[in-house]
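A.B. asks: Got a sequence here, can you model it:
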Amino acid sequence: MKEKGILSRFGIVLLILLALVLILPSARIDLASGIKASTQASVRVEHIQNFARSAEMDVQLLSADDPAYQQIANVLSGLTCVKRFNQQYSSYSHEYPVDSVTVSYYDADENNRLLVTVYSDGTAIVNSQFVKIKGGAEEVYRQLAEIVK
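C.D. replies: Have a look, this model is predicted:
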């Protein structure tokens, strides 16, 4: 009888491990393929004073030939992003003022392929999903802000 109990526990542990193996890789977001499939990007830099209004906003449209496009693509392509399952957009708020850089990538038909927003407070959002960036979103924000200044 003890053998059945051990086998069923082993089976449960095996199922949990299998579920983790299937779920965790799907939490990774591949930015490089979205960037590679794109031919142009728009970059929006914002300084947000409060929830109701943005004090300053700068928008640039970059083609794939533009050196800034290549620099931004290099920064974003090298990132490892993992979805955060426990953070809801509706419950998120910033400490104001906050700065952000948003990069929208488009393909030749002008279909949006990828939308990345990185805030100076360390928050990052990819295609409406909160993500954790290996190395820290604050550093990525600083790199992108330096490129587009």
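A.B. asks: contacts, neighbours, all on C-alpha from now
C.D. replies: OK.
A.B. asks: now Val75: how far from Ile147?
C.D. replies: 10 Å (CA to CA, to the nearest Å).
A.B. asks: so who does the most centrally placed residue in the chain touch?
C.D. replies: Closest residue to the average C-alpha location of the chain: Val126 at 3.3 Å, with CA atoms, centre = their mean. By CA atoms under 8 Å, 6 or more residues apart in numbering, the residues touching Val126 are Leu114, Leu115, Val116, Thr117.
A.B. asks: just Gln143 next, same as before
C.D. replies: Val75.
A.B. asks: give me the element it is part of.
C.D. replies: helix 137-148 (DSSP states H and E).
A.B. asks: what mean pLDDT does that helix have?
C.D. replies: Across helix 137-148, the average pLDDT comes to 92.
A.B. asks: Can you dump the C-alpha atoms of that helix in PDB for me?
C.D. replies: The C-alpha trace of helix 137-148 is given here as PDB (Å, rounded to 0.1, in the frame of the first residue of the first chain):
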ATOM      1  CA  ALA A 137      14.300  48.900 -16.400                       C
ATOM      2  CA  GLU A 138      15.900  52.000 -14.900                       C
ATOM      3  CA  GLU A 139      19.100  51.300 -16.800                       C
ATOM      4  CA  VAL A 140      17.200  50.600 -20.000                       C
ATOM      5  CA  TYR A 141      15.300  53.900 -19.600                       C
ATOM      6  CA  ARG A 142      18.600  55.800 -19.200                       C
ATOM      7  CA  GLN A 143      20.100  54.100 -22.300                       C
ATOM      8  CA  LEU A 144      17.000  54.900 -24.500                       C
ATOM      9  CA  ALA A 145      16.700  58.500 -23.100                       C
ATOM     10  CA  GLU A 146      20.400  59.100 -23.900                       C
ATOM     11  CA  ILE A 147      19.900  57.900 -27.500                       C
ATOM     12  CA  VAL A 148      16.800  60.100 -28.200                       C
END
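A.B. asks: Brilliant, that's me finished.
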